[in-house]
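Novice: No sequence on hand, only this structure:
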DNA sequence: GATTAAAATTGGAATTGTTCTTGATAAAAT
DNA sequence: ATTTTATCAAGAACAATTCCAATTTTAATC
């Protein structure tokens, strides 16, 4: 243990992909990197306030937008619920467990290519894929 | 030609899956069945007004909700954009062409099972799948 | 067919997540 | 040190949707 807080803190560089890592952007990113719970903007806000008491919700939105636009975090939407954010950049989907509310990251099985699985229109160039599953986990199986 | 309007109109039963087909629900459903453009609530509203000038937007929302809840139409969400609705009940995804704004229905290739493609948690029971693609169509290919 | 009961519709107000605006701060460049 | 530029804060504004109370329509019963 050597950091100034009692948990291991990530080292965040001054700049990522051309985005200047200000204090508030760094804190927003830290939350997403530490927690894998896909928090909403408001949840991030509450957690960042612990370290930056004067931060505003607008700033959280600004930071999240900047991070998303620079491809540093992903924005995930379920239906019309508040957007959620995660720092897992690997191509993955999300399974929303309706009984617990927990969101699990879902990955493709190795070797699967989207075009093998889906009937895409001729010439379709895919920029982005979002796979969302809703359901529950049957504990006794 | 025998209907009272100049285009072929679908025959809509008095009741579908236990949902009473009122005038406004019928008109809302008709729009979705005729058009495959995945309209928003507001777009449905404007089209229904042609036939039912006094209809209110709240009613459109009510009707859409009733239809969705009874499994008669599907609600589709892209990011945080307004919800869209479609009457195609077959299991399918949506490809959002960024250059034209057009939404194409995407189907699985025959014989593909979700569990073959995705690494699902043990005991996961999937109620609903949503696959959203964003991209563009390369005309010269 | 009139009467009652239940469901649906309407119009507007309220809500909610998010974005915008403006002025203040901080950081970088000169 | 001064100017320029980017970022932040606070609250107002916004847009999609939902809620609410009052009215209308439909169905059920007499």
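Specialist: Yes, it's here. From a predicted model like this one, the values you see are computed outputs, not experimental measurements.

Novice: Contact partners for the one residue in chain A that gets nearest to DNA strand C?
Specialist: For chain A and DNA strand C, the shortest gap (C-beta to the nearest atom of the strand) falls at residue A:83, measuring 3.3 Å. For every residue, glycine as well, the C-beta is placed using N, CA and C. By C-beta atoms under 8 Å, 6 or more residues apart in numbering or on different chains, residue A:83 lies in contact with A:40, A:41, A:75, A:76, A:77, B:80.

Novice: Also residue A:32?
Specialist: By C-beta under 8 Å, 6+ apart, residue A:32 lies in contact with A:39, A:44, A:67, A:73, A:85, A:86, A:87.

Novice: would you list those in JSON lines and tack on distance to DNA strand C?
Specialist: Putting the contacts of residue A:32 into JSON lines (distance: C-beta to the nearest atom of the strand, whole Å) gives the following:
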{"residue": "A:39", "distance to DNA strand C": "10"}
{"residue": "A:44", "distance to DNA strand C": "10"}
{"residue": "A:67", "distance to DNA strand C": "12"}
{"residue": "A:73", "distance to DNA strand C": "14"}
{"residue": "A:85", "distance to DNA strand C": "9"}
{"residue": "A:86", "distance to DNA strand C": "14"}
{"residue": "A:87", "distance to DNA strand C": "17"}
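
Novice: Spatially, what comes nearest to residue A:76 if we skip its sequence neighbours?
Specialist: Closest residue to residue A:76 apart from its sequence neighbours, by C-beta to C-beta, 6 or more residues apart in numbering or on different chains: residue A:84 at 4.7 Å.

Novice: Ok, residue A:82 next?
Specialist: Spatial nearest neighbour of residue A:82, excluding adjacent residues (C-beta to C-beta, 6+ apart): residue A:40 at 4.3 Å.

Novice: Check residue A:22 too.
Specialist: Nearest residue to residue A:22 in three dimensions, chain neighbours excluded: residue A:63, at 8.0 Å (C-beta to C-beta, 6+ apart).

Novice: same thing with residue A:133?
Specialist: Looking at residue A:133 with C-beta to C-beta, 6+ apart, the closest residue is residue A:95, at 4.4 Å.

Novice: For chain A, which segments count as strands?
Specialist: For chain A, the strands defined by DSSP state E cover A:15-16, A:19-20, A:74-76, A:84-86, A:92-97, A:103-108, A:118-119, A:124-137.

Novice: could I get those strands as JSON lines with mean pLDDT, mean neighbour count and distance to residue B:117?
Specialist: What follows is the strands of chain A, written out as JSON lines (pLDDT from 0 to 100; neighbours: other C-beta atoms under 10 Å in any protein chain shown; distance: least, C-beta to C-beta, whole Å):
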{"stretch": "strand A:15-16", "mean pLDDT": "88", "mean neighbour count": "13", "distance to residue B:117": "32"}
{"stretch": "strand A:19-20", "mean pLDDT": "94", "mean neighbour count": "13", "distance to residue B:117": "34"}
{"stretch": "strand A:74-76", "mean pLDDT": "95", "mean neighbour count": "20", "distance to residue B:117": "19"}
{"stretch": "strand A:84-86", "mean pLDDT": "96", "mean neighbour count": "21", "distance to residue B:117": "21"}
{"stretch": "strand A:92-97", "mean pLDDT": "93", "mean neighbour count": "21", "distance to residue B:117": "10"}
{"stretch": "strand A:103-108", "mean pLDDT": "93", "mean neighbour count": "17", "distance to residue B:117": "6"}
{"stretch": "strand A:118-119", "mean pLDDT": "94", "mean neighbour count": "18", "distance to residue B:117": "10"}
{"stretch": "strand A:124-137", "mean pLDDT": "92", "mean neighbour count": "17", "distance to residue B:117": "9"}
